[in-house]
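Asker: Provided below are the primary sequence and the corresponding predicted coordinates.
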Amino acid sequence: MNKINTILKRRNNLLGNNLPTFYENPIHLVKGKGVWVWDNDGKKYLDCYNNVPHVGHCHPEVVKAITDQASLLNTHTRYLHEGILDYVEKLTATLEKNLNTAIMTCTGSESNDIAIRMAEAVTGSKGIIATDHTYHGNTALVSQLSRTNPPGEGYMNNIKHIPAPDSYRPLGGVSGVPHSENFANELEKAIIDLQKKNIGFSCLIICPFFANEGFPQLADDWLSPTQRIVKKYNGIIIADEVQPGFGRMGSHMWAHQMMKINPDIVTVGKPMANGHPVGAVITSTDIMNSFRNSFKYFNTFGGNPVSCAAAMEVLKIIERESLMVNALEVGKYALNELKKLSLRHEIIGDVRGRGLFFGAEMVLDKKTKAPAKEITNEIVNKMRENGVLLSSSGIHNNTLKIRPSMQFSKKNTDLLISTLDNVLKKINI
């Protein structure tokens, strides 16, 4: 622990106070491989949370792609290189035909910032709508979208928030179609309010899986009324696929495909290059050209040859190792095991998820559905002590968030479930 305290003190001195860390007792990691990480004392942890190493920590083929390209050339896109073109061709081939152009960035935050400016260029309006429990990044613009981490300077008057969907406690008290329609109605109210203020409606930005909202269990056509309302008012749909994208859902490459919507812009980041800082904004030729004519945008590091080589290798590995099939099969198995666990533990109120993105909502009482936020935090920390890393999220921050690398197996799932079972048996509820 002395080593940890020394590092924390150095962090505070060199990086500033209040820099977040996971867990009450932070972990000093020194090595990763596949679904595992090791701390400075040699303790091994099953990583059930970190989606950045999408195809596994230190995947040798990604490491080789980075090394080979870094040994040959790395520069920016004002010089011509084919790596960015090859990658964008392969990336856009996984999407709808109209989504055929891209801007490469370094982060999801940058991607969402650009996407919002694209929407402004196309619509001529500035009104932006997001849910009230989301996260889309930390630039000055996209930080305005978060209600859970409010910007210090307050909110701009062109930002509107609508209630996040909650399948466990649905808006209006009824699930299914009424829940879906109620969400769309709240969206329409927000649009009308923006119009009354002469701001106008530019875009709705959502994660199609509502990952930070606690990934509610929604029907595949749940967003159809939402899409209808956006188009009724000539707005743009931005699908933030940073968390659920790249095959994590198992059944589909992208969450918006699973949810049967057709976004105008798709943003990606975190898992694109297995830890190398890569992001992208994907859209149609018309929207791209409107943006290019309105903004003189250039990104020094976005789309550099090394990043593109790493990102390309990730796409190839997803195909080569059949990781979407794995996500679908292991995800179904994990949900089933979690549901069995919920029969033995009253604290598990709801189990939900898709593919390799799943979890369970913790409650004090299954009848009242009272959130068990503090106990959830205790569970997360106890799991860490027992060698399993996961986190929590959701509207009440009482939902275990499990989002491992795409190599996660049924054997890994068994360890996760057995550890959680043991932890829950010892928790004082």
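Answerer: Perfect, thanks for sending it. Because the structure is a prediction, the values reported are computed rather than measured.

Asker: nearest spatial neighbour of residue 66, chain-adjacent residues omitted?
Answerer: residue 310 (5.0 Å; CB to CB, 6 or more residues apart in numbering). For every residue, glycine as well, the C-beta is placed using N, CA and C.

Asker: residue 185: neighbour count?
Answerer: By other CB atoms under 10 Å, the residues close to residue 185 number 16.

Asker: where's it, which helix or strand?
Answerer: Using DSSP states H and E, the element containing residue 185 is helix 177-196.

Asker: quick check: can you name the pairing partners of the helix or strand following that helix and their directions?
Answerer: Per DSSP H and E, helix 177-196 leads on to strand 201-206 as the next helix or strand towards the C-terminus. Strand pairing for strand 201-206, determined by DSSP bridges: strand 127-131 (parallel), strand 236-240 (parallel).

Asker: so what touches strand 201-206?
Answerer: 112, 115-116, 119-120, 123, 125-131, 134, 136, 145, 187, 191, 194-195, 223, 226, 230, 233-240, 265 (CB atoms under 8 Å, 6 or more residues apart in numbering).

Asker: and the next helix or strand past that strand?
Answerer: Following strand 201-206 toward the C-terminus (DSSP H and E): helix 224-232.

Asker: helices or strands next to that next one in the packing?
Answerer: Packing partners of helix 224-232 (3 or more CB pairs under 8 Å, 6 or more residues apart in numbering; DSSP states H and E): helix 177-196, strand 201-206, strand 236-240.

Asker: can you add distance to residue 31 and give the ones you listed back as TSV?
Answerer: Formatted as TSV, the helices and strands packed on helix 224-232 follow (distance: least, CB to CB, whole Å):
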stretch	distance to residue 31
helix 177-196	44
strand 201-206	37
strand 236-240	31
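
Asker: closest to residue 161 out of these?
Answerer: helix 177-196 (7.8 Å; CB to CB).

Asker: so which bits of the closest one are buried?
Answerer: 179-188, 190-191, 194 (16 or more other CB atoms under 10 Å).

Asker: please enumerate the helices of the protein.
Answerer: Counting by DSSP state H, the chain has helices at residues 2-15, 60-70, 82-92, 108-123, 177-196, 224-232, 255-258, 285-294, 305-320, 323-344, 373-385, 410-426.

Asker: of all those helices, which lies closest to residue 269?
Answerer: Comparing those by CB to CB, helix 108-123 comes nearest, at 2.7 Å.

Asker: quick one, the closest one and helix 285-294 angle?
Answerer: 90 degrees (axes from the mean of the first three to the mean of the last three CA atoms, to 10 degrees).

Asker: which strands and helices sit next to helix 108-123?
Answerer: If you count contacts as 3+ CB pairs under 8 Å, 6+ apart, helix 108-123 packs onto strand 101-105, strand 201-206, strand 236-240, strand 265-268, strand 279-283, helix 285-294.

Asker: before we move on, back to that, turn the strands paired with strand 201-206 into TSV, columns for distance to residue 140 and mean neighbour count.
Answerer: Formatted as TSV, the strands paired with strand 201-206 follow (distance: least, CB to CB, whole Å; neighbours: other CB atoms under 10 Å):
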stretch	distance to residue 140	mean neighbour count
strand 127-131	13	26
strand 236-240	17	28
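
Asker: can you put the ones you listed in a markdown table and add mean pLDDT and distance to residue 397?
Answerer: Shown next, in a markdown table, are the strands paired with strand 201-206 (pLDDT from 0 to 100; distance: least, CB to CB, whole Å):
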| stretch | mean pLDDT | distance to residue 397 |
| --- | --- | --- |
| strand 127-131 | 98 | 15 |
| strand 236-240 | 98 | 20 |
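
Asker: I'd like those written out as CSV, with distance to residue 278 added.
Answerer: CSV is the format used below for the strands paired with strand 201-206 (distance: least, CB to CB, whole Å):
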stretch, distance to residue 278
strand 127-131, 24
strand 236-240, 15
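
Asker: wait, which of the ones you listed is closest to residue 34?
Answerer: strand 236-240 (27.4 Å).

Asker: report the strands that pair with the strand ranked longest in the chain, each with its relative direction.
Answerer: Ranked by number of residues, the top strand in the chain under DSSP state E is strand 357-365. Strand pairing for strand 357-365, determined by DSSP bridges: strand 348-354 (antiparallel), strand 370-371 (antiparallel), strand 399-402 (antiparallel).
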